[in-house]
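[1] Got a predicted structure plus its sequence, pasted below:
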Amino acid sequence: MQQALFDGNFIKDEYETMCQACTDSRGKYTTSNEVEYNHVSFMKWRDWMSLALVSLIIAIFLARELVSIKRCEALLRHGGKRGAGAGWRAILWFVCALRQFAILLQLGASVVVLIYAHGGDIFSVCVNAVATLFLLELDEALFFHGLPERARAWVEEHGALIVSEREARVLDWSRVAYVVAFAVGIPASCATRLAYPADGWQDWVSHTLYPMMGLTCVASFVAEPAALGGGAGAMCERFRCLLLRFLSAMVTLYLLLSFSGRL
């Protein structure tokens, strides 16, 4: 009897705690839209300055990751000379597509979503930035500390790439374009939340990501073909390859999200 009473009081206390978390000081129910809107609207000028600085730092790290992706793609284009099998080339092609159009975009979007969920004060922005940069450094840590010394030496030997003048221009233009896209797109996407109403039940998060997604697509589909040059035919071919990678990454991401939602 005492155990049942204890369990009943425990459950009652849990319900009260949950209700307090979902209501304001006047007892009015607070929706997630209101929380997201308030977290952005309460940001002061110093919070926006810290977000701009953090966005620039994250953009630099994301651009560095993009350069690594483009160097891997250049190796794939010369893979026949290095004896790479068709299976490995297909796997690496797919991994590069996911890294550029799924992982990098999701990391940029996660900064915006974390501000909606946890606030845009200086402390929250900096902590979330550290978490994002940690994820970007995981692959480097796994490569240097997870592979045996002999395997790492083999990868460094066979992964050497002589970059042509056109490829070097693609790397430079893509790096600058991605830095601008994320450094401007992340604060712009956060500010876009103020353009949508705070009340109602519609989820506005995907709508607020349009500035960052749009700038990133411009950086991917315009800067790289333009930097490649070589006439309209070569530019259209590079654009077609990028579009195929983008569609592959989006379909995979959609399937993963659909599968995880069923669990």
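    Received it, and whenever you're ready, just let me know what you need. Source: prediction; values computed, not measured.

[2] Just give the nearest non-adjacent residue to Ser41, would you?
    Leu194 (6.1 Å; C-beta to C-beta, 6 or more residues apart in numbering). Backbone N, C-alpha and C define where each C-beta goes, glycine included.

[3] wait, the one you found sits on Met43?
    No. In this structure, Leu194 is not within contact of Met43 by C-beta atoms under 8 Å, at 9.7 Å.

[4] more neighbours, these two?
    Higher neighbour count among Leu194 and Met43: Met43, with 21 against 12, using other C-beta atoms under 10 Å.

[5] pLDDT of the helix or strand containing Trp88, averaged?
    For Trp88, the enclosing helix or strand under DSSP states H and E is helix 86-98. For helix 86-98, the mean per-residue pLDDT is 83.

[6] any low-confidence regions in the stretch 1-150 of the chain?
    Scanning the stretch 1-150 of the chain for pLDDT under 70 picks out 1-30, 78-85.

[7] same thing but at 90, please
    Judged by pLDDT under 90, the stretch 1-150 of the chain has its weakly predicted residues at 1-38, 67-93, 95-96, 99, 102-103, 105-106, 117-120, 124, 126-150.

[8] For the helix holding Trp88, list every residue counted as buried.
    For helix 86-98, a neighbour-count test (16 or more other C-beta atoms under 10 Å) marks 92-93, 96-98 as buried.

[9] Likewise for stretch 165-179?
    Result for stretch 165-179 [16+ other C-beta under 10 Å]: buried residues 167, 169-171, 173-175, 177-179.

[10] any idea what sits nearest Ala52, other than its immediate chain neighbours?
    With sequence-adjacent residues excluded and distances taken as C-beta to C-beta, 6+ apart, Ala52 is closest to Pro187, at 5.5 Å.

[11] which is the next helix or strand following the strand or helix carrying that neighbour?
    For Pro187, the host element (DSSP H and E) is helix 165-192. Counting by DSSP H and E, the next helix or strand C-terminal to helix 165-192 is helix 205-208.

[12] for the helix or strand just after that next one, packing partners?
    Using DSSP H and E, the helix or strand that follows helix 205-208 towards the C-terminus is helix 210-218. Packing partners of helix 210-218 (3 or more C-beta pairs under 8 Å, 6 or more residues apart in numbering; DSSP states H and E): helix 104-118, helix 165-192.

[13] how about those helices in TSV, adding distance to Met213?
    Below are those laid out as TSV (distance: least, C-beta to C-beta, whole Å):
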stretch	distance to Met213
helix 104-118	7
helix 165-192	8
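
[14] Nearest to Met250, out of the ones you listed?
    Distance to Met250, taken as C-beta to C-beta, is lowest for helix 104-118 among the helices and strands packed on helix 210-218, at 9.5 Å.
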